[in-house]
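J.: I would like the atomic coordinates for the input below:
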Amino acid sequence: VSKPEIARGSRPLRWLHVLSRCYETGGHTALCRRWVEADSSRDMHSAVLVFQDERVIPDPLRACFIDRGGDFLVLTSESCLMERAAKLRSLAEHADVVVLHTHMWDPVATVAFAHPGGPPVLLANHADHTYWTGASVADLVLNIRPSGESVCFAHRGNERSHRFPIPLPAPMVLRGDPSGYALRAALGIPESATVFLTIGSGYKYVPTGEMNFQETASKLLQAVPGSFLLAVGPKPDDPRWESLSHQTGRRAVAVGEQTDLRPYLAAADVYLEGFPFGSLTAMLEAVLAGIPPVLAPASCPLPYRSDDFALATLEIPKDADQYVLMAADLAARIQRDAAISFQWRETVVEAHCLPGWSKELAALRQIVAAGLPHSPRALGSTAPLRREVIRYWARFAKRRRGEDNAFGYAFRRAMKNKLNP
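T.: Purely as a prediction, here's the structure:
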């Protein structure tokens, strides 16, 4: 099909979404699924997973592609990486545009699209906080937030960038929802108590010394008598969370991963972004549910805390002490005026939900339809990361993985993936 025919809109586009692997919960999996579900055009969407292991593939993810008339393929883990790259290149011959939702350590797509020709390759920058492969083959990098865009310009060597907010579901009105009252009752939380909520994978809360969420949460629960903290993601038997629960008289409750967040959002009054590593999608979904947020302190440097194009004017606490003060003040204010719950909601709805988000997809489709050649190239010169940012991430990565050094981790990872270092 010629590019002029696509540009005139005479036929739907064929999108091929490439994932390393998917999860039952997880930001990049949800981003991919919501993108396809929110597309109101006649475009066809297919998906291929190149590194899926024994993890369960969520039925809603598979179904959204089948419903759009596309395919859902999994490349077997038995084939070598080069064979997978060749297969992926072959599959792309039947697509008009390729979108990479791949993990930062996955080389398959980078090898597959290392030669010019074929459909344009877009890279969804969902892992903008860390090093990843693929900048050289991306004809357009889709940046989901300002800090990711800044890192892309300064440190990736690829200036071909496009702002592309995370697609989110329609906002839920959860104040007074029965599921919230039922959850409070089940956990022994009085209806009149202030409930703080934080959501994120357990590893994102591993303290690095100067950034200790559990210690800060303990101070907050002391500052707001009778308040409770619900932590979705961290495991209840994690020693750090068990210790926090004991210190606060069981007012800090870790519940592990949850596939249904509705009762937790309905039960909450104030959302706390976790640190030393934040969770952007979770924070935005809390705002959509009418829960006012407190962002991670500025002492948690970007891009390791959340920022968003729609929340550029939201105040950021300078350190952990101010984080406690702002959270306690917000808890007091919301008791007096429930309307403050919704002061950020409309800006997030316009940027991330339908129909507003449709404009973002239409603009991206226009770029593709106008003719975007696939032309991998050598990367441009880049500035080094600030030393304080390098030190911050290195400390966090070591604590998270329990490693003595980065080399040992990389060597064992390579062996696990049969790379024979």
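J.: which other helices and strands does the lengthiest helix in the chain contact?
T.: Using DSSP state H, we find that the single longest helix of the chain is helix 320-336. Judged by 3 or more CB pairs under 8 Å, 6 or more residues apart in numbering; DSSP states H and E, helix 320-336 is in contact with helix 213-223, strand 270-272, strand 293-294. In short, each C-beta sits where N, CA and C put it, glycine included.
J.: so which of those is the most surrounded?
T.: Highest mean neighbour count among these (mean count of other CB atoms under 10 Å): strand 270-272, with a mean of 27.
J.: what is it packed up against?
T.: Checking 3+ CB pairs under 8 Å, 6+ apart, strand 270-272 ends up next to strand 195-199, helix 280-288, strand 293-294, helix 320-336.
J.: at 7 Å what do you get?
T.: strand 195-199, strand 293-294, helix 320-336 (3 or more CB pairs under 7 Å, 6 or more residues apart in numbering; DSSP states H and E).
J.: quick one: mean pLDDT for the following helix or strand past the longest one?
T.: By that I understand helix 320-336. Next in sequence after helix 320-336, counting helices and strands by DSSP states H and E, comes helix 345-352. Averaged over helix 345-352, pLDDT sits at 92.
J.: for stretch 265-280, same thing?
T.: pLDDT averaged over stretch 265-280 gives 95.
J.: relative to residue 172, which of the helices and strands packed on helix 320-336 is closest?
T.: Closest approach to residue 172 among the helices and strands packed on helix 320-336 is made by strand 270-272 (14.0 Å; CB to CB).
J.: adjacent strands (with direction) for that closest one?
T.: Within its sheet, and counting by DSSP bridges, strand 270-272 is paired with strand 195-199 (parallel), strand 293-294 (parallel).
J.: what residues does that strand touch?
T.: Strand 270-272 is contacted from outside by 196-198, 283, 286, 291-294, 327, 330-331, 334, using CB atoms under 7 Å, 6 or more residues apart in numbering.
J.: so where's the stretch 151-300 of the chain uncertain?
T.: Counting by pLDDT under 70, the stretch 151-300 of the chain contains no low-confidence residues.
J.: cutoff 80 now
T.: 158, 172-173, 175-176, 209 (pLDDT under 80).
J.: the strands in it, which residues?
T.: 161-163, 195-199, 228-232, 252-256, 270-272, 293-294 (DSSP state E, counting those that start in this stretch).
J.: that older thread, in the longest helix of the chain, what's buried?
T.: Of the residues in helix 320-336, those with enough neighbours to count as buried (16 or more other CB atoms under 10 Å) are 320, 322, 323, 324, 326, 327, 328, 330, 331, 334.
J.: alpha carbons of it, in PDB - could you do that?
T.: The C-alpha trace of helix 320-336 is given here as PDB (Å, rounded to 0.1, in the frame of the first residue of the first chain):
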ATOM      1  CA  ALA A 320      11.200  14.000  53.700                       C
ATOM      2  CA  ASP A 321      10.400  16.400  56.600                       C
ATOM      3  CA  GLN A 322       8.400  18.700  54.300                       C
ATOM      4  CA  TYR A 323       6.800  15.600  52.700                       C
ATOM      5  CA  VAL A 324       5.400  14.700  56.200                       C
ATOM      6  CA  LEU A 325       4.200  18.300  56.800                       C
ATOM      7  CA  MET A 326       2.500  18.600  53.400                       C
ATOM      8  CA  ALA A 327       0.700  15.200  53.800                       C
ATOM      9  CA  ALA A 328      -0.500  16.100  57.300                       C
ATOM     10  CA  ASP A 329      -1.700  19.500  56.100                       C
ATOM     11  CA  LEU A 330      -3.500  17.900  53.200                       C
ATOM     12  CA  ALA A 331      -5.200  15.400  55.500                       C
ATOM     13  CA  ALA A 332      -6.500  18.200  57.700                       C
ATOM     14  CA  ARG A 333      -7.700  20.300  54.800                       C
ATOM     15  CA  ILE A 334      -9.600  17.400  53.200                       C
ATOM     16  CA  GLN A 335     -11.500  16.900  56.400                       C
ATOM     17  CA  ARG A 336     -12.700  20.500  56.100                       C
END
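J.: next one, pLDDT for the closest residue to residue 29 other than its chain neighbours please.
T.: Distances taken as CB to CB, 6 or more residues apart in numbering put residue 22 closest to residue 29, at 4.4 Å, once the chain neighbours are dropped. If you check residue 22, the pLDDT there is 91.
J.: count of residues packed around residue 22?
T.: Residue 22 is flanked by 23 other residues according to other CB atoms under 10 Å.
J.: on that earlier part again, where's the dip in pLDDT among the buried residues of helix 320-336?
T.: When the buried residues of helix 320-336 are sorted by pLDDT, the bottom entry is residue 334 at 88.
J.: check contacts around that one.
T.: 269, 270, 292, 340, 341.
J.: please apply the same query to residue 107.
T.: Contacts of residue 107 (CB under 7 Å, 6+ apart): 81, 133.
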